[in-house]
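Asker: here's my sequence, what's the structure:
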Amino acid sequence: MSTPLPDIALTRGDGSPDSLAAHRGNVLLVVNTASKCSLTPQYDGLEALRAKYGARGFEILGFPANDFGAQEPGTDDEIQEFCQVNYKVSFPLFRKDTVVGPDKQPLYAALTAAAPEKQGDAAAWRKLLSDHGMTPNADPEVLWNFEKFLINRDGSVAGRFSPNVAPDDTALVGAIETALGA
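Answerer: Numbers count the residues shown, from 1 in each chain. Below you'll find the model as predicted:
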């Protein structure tokens, strides 16, 4: 088992303070999100996971980022409204911030250090990006929107999943169920 992540200050999209420690004791799925991405429909699957496992101590934390193809151009208020109107998102969305590079937010610096490689077919996603003229990030950086980090109740990272791993993928669901049962 990996070392628990340190407490990290977070800011919700509405400006209210939060922290990683406030969620300790729950199994967390941390996802960097975007409103104008081909993967944006994953919001439906994420909300379904929250509905299915929420009563068992499972939370999803969404972190909008405009790091990939400028696919999250909106303000925090616009992002909140988009997610609520189009996907009925009820899990918290945090302030839009960067998740890659030297200036990435502290949570993503800790996550990528704790889990430098992702599960799923990242090679296929990298090829798709390359075929569209984009230069994909190498590990340990976040590859694209909707990459997922699973955090155990004790704050240790249980897994990291490629953006193209859908919320209903058996590997992700199995990892969530294992973490919830631990």
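Asker: give me the pLDDT for the residue lying closest to P4 once chain neighbours are set aside.
Answerer: Nearest residue to P4, sequence neighbours excluded (C-beta to C-beta, 6 or more residues apart in numbering): G155, at 3.4 Å. No exception for glycine: its C-beta is placed from N, CA and C like everyone else's. With respect to pLDDT, G155 scores 95.
Asker: so that it lines up with my notes, have the first residue be 59 from now on.
Answerer: Okay, residue one is now 59; in that scheme the one you just asked about reads as G213.
Asker: what segments of the protein are helices?
Answerer: According to DSSP state H, the chain carries its helices in the segments 100-111, 134-145, 164-172, 180-189, 228-239.
Asker: tell me who's in contact with the residue nearest to P62.
Answerer: Each residue near G213 by C-beta atoms under 8 Å, 6 or more residues apart in numbering is listed here: 62-63, 78, 82.
Asker: one more: H81?
Answerer: For H81, the contacting residues are 117, 119, by C-beta under 8 Å, 6+ apart.
Asker: likewise for L63?
Answerer: Taking C-beta under 8 Å, 6+ apart, one finds 78, 165, 168-169, 172, 209, 213-215 in contact with L63.
Asker: right, and the helices of the chain - which one's nearest K154?
Answerer: Nearest to K154, of all the helices of the chain, is helix 134-145, at 5.7 Å by C-beta to C-beta.
Asker: which neighbouring elements make contact with that closest one?
Answerer: With contacts defined as 3 or more C-beta pairs under 8 Å, 6 or more residues apart in numbering; DSSP states H and E, the packing partners of helix 134-145 are helix 100-111, strand 116-122.
Asker: highest average neighbour count across those?
Answerer: strand 116-122 (a mean of 23; mean count of other C-beta atoms under 10 Å).
Asker: hang on, the earlier thing: a markdown table for the helices of the chain, including mean pLDDT?
Answerer: Converted to a markdown table, the helices of the chain look like this (pLDDT from 0 to 100):
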| stretch | mean pLDDT |
| --- | --- |
| helix 100-111 | 98 |
| helix 134-145 | 96 |
| helix 164-172 | 96 |
| helix 180-189 | 87 |
| helix 228-239 | 97 |
